[in-house]
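Novice: Need a 3D model of the sequence below.
(one chain, ligands or ions: 2)
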Amino acid sequence: MTPLEILLGQLRLTALRERLDNLLDEAAKKEMNLREAVQFLLEVELASKTDKRVKMGQAMARFPYQKSLDQYDYASQPSVDPKQVRELATCRFIANAENVVLLGPPGVGKTHLAVALGREAIRHCHSVLFISAAALVASLAKAQDDGRLDDKLIHFAKPKLLIVDEVGYLPFEKRAAHLFFQLVAKRYEKGSMLLTGNRPVSEWDQVFGDAVLVTAILDRLLHHSHVMMIKGTSYRLKEKRKSGLLQNLPSVEEGPRPDSTK
Ligand code: ADP
Ligand code: MG
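Specialist: Ligands and ions are numbered 1, 2, ... in the order given. Reported below is the predicted structural model:
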């Protein structure tokens, strides 16, 4: 290794070290002056570091799939306010430890938006963890059985943004509801949660099975929060209907068609 490569290694400028000859050739070819060349090299290193950080953050977040905000089609979901999504994408809500609740029927893009906002959070240097509500309470219950509940609560309290998907698809048992409450209380005003659910908040006492507990949970969750109610039909079914696969299936907005039984 040349002394320059050793220096780049000691400064952890690994992208520069690996691609130095090519980058210097490119700078020479473009006839950059010294100042331009230094800036060009540092930009390459920064882009590489950002790319690595985002990849690492995404691996740690455990998203179920990758979707971005650019891939969200607002035209097909008029109840979603693009301005509100853009505001959330600035991640100010994370800096302020506020929560986000995305509610709506299946297929309207709740998980898509949750993943996309999670990716924005990673780009903004926040740690993110994505987990389904069922997996979250199962993990807490197991930790409690093993006498490690405190450690697990600390684990789930750590990420700056905790995304809990599908709250309310399955009602929680009393113990699960209690564990969920403990986590919400631990994160309250310290770190943001993004919840998705298919039932309006007014029905969450049925999800958590206990009116007192649900009041305590909602009190903390909704104190500083952004709630988005997504109405409308499933994107997946809409796509199928468009392609003619599901001609007779009524959409939620339309209600049953008079001729749907024929
Ligand atoms: P859910 O609301 O049940 O969580 P998803 O977010 O998983 O639904 O959406 C189901 C599928 O439809 C995903 O592949 C998602 O990317 C896609 N989808 C939903 N809404 C939109 C939309 N408005 N624009 C683009 N894709 C969408
Ligand atoms: Mg979903």
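Novice: Leaving out chain neighbours, which residue sits closest to residue 170?
Specialist: Leaving out its chain neighbours, the residue that sits closest to residue 170 by Cβ to Cβ, 6 or more residues apart in numbering is residue 134, at 5.8 Å. In short, each C-beta sits where N, CA and C put it, glycine included.
Novice: Name the SS class of that neighbour, please.
Specialist: helix (DSSP: H, G, I helix; E, B strand; the rest coil).
Novice: can you tell me how far it sits from residue 173?
Specialist: 11 Å (Cβ to Cβ, to the nearest Å).
Novice: can you pull the contacts of whatever residue of the stretch 51-200 of the chain ends up closest to ligand 1?
Specialist: Among the residues of the stretch 51-200 of the chain, residue 109 lies nearest to ligand 1; the distance is 2.9 Å by Cβ to the nearest ligand atom. Contact analysis of residue 109 by Cβ atoms under 8 Å, 6 or more residues apart in numbering lists 72, 77, 80, 230, 235.
Novice: And it, its phi and psi?
Specialist: Backbone torsions for residue 109, taken as degrees, to the nearest 10, come to phi 100, psi 20.
Novice: Could you pull out the strands in the protein for me?
Specialist: Using DSSP state E, the strands of the chain run over 99-103, 128-132, 161-167, 192-197, 225-229.
Novice: Partner strands of the second one, with direction?
Specialist: This points to strand 128-132. strand 161-167 (parallel) (DSSP bridges).
Novice: And the strand it pairs with, what's buried?
Specialist: Neighbour-count burial for strand 161-167 flags 161-167 (criterion: 16 or more other Cβ atoms under 10 Å).
Novice: so what's residue 226 up against?
Specialist: 84, 88, 93, 98-101.
Novice: And the residues you listed, which is closest to residue 184?
Specialist: Relative to residue 184, the closest of those is residue 99; by Cβ to Cβ it sits at 9.0 Å.
Novice: Spatially nearest residue to the closest one (excluding sequence neighbours)?
Specialist: Excluding the flanking residues, the one nearest residue 99 by Cβ to Cβ, 6+ apart is residue 225, at 4.3 Å.
Novice: Enumerate every residue touching that neighbour.
Specialist: With contacts defined as Cβ under 8 Å, 6+ apart, residue 225 is in contact with 98-101.
Novice: Residue 48 is nearest to which of the strands of the chain?
Specialist: strand 128-132 (21.3 Å).
Novice: what about the closest one, near ligand 1?
Specialist: No: judged by Cβ under 6 Å from any ligand atom, strand 128-132 stays clear of ligand 1, getting no closer than 10.7 Å.
Novice: repeat for stretch 165-181
Specialist: No: for a cut-off given as Cβ under 6 Å from any ligand atom, stretch 165-181 has no contacts with ligand 1; the smallest distance is 7.2 Å.
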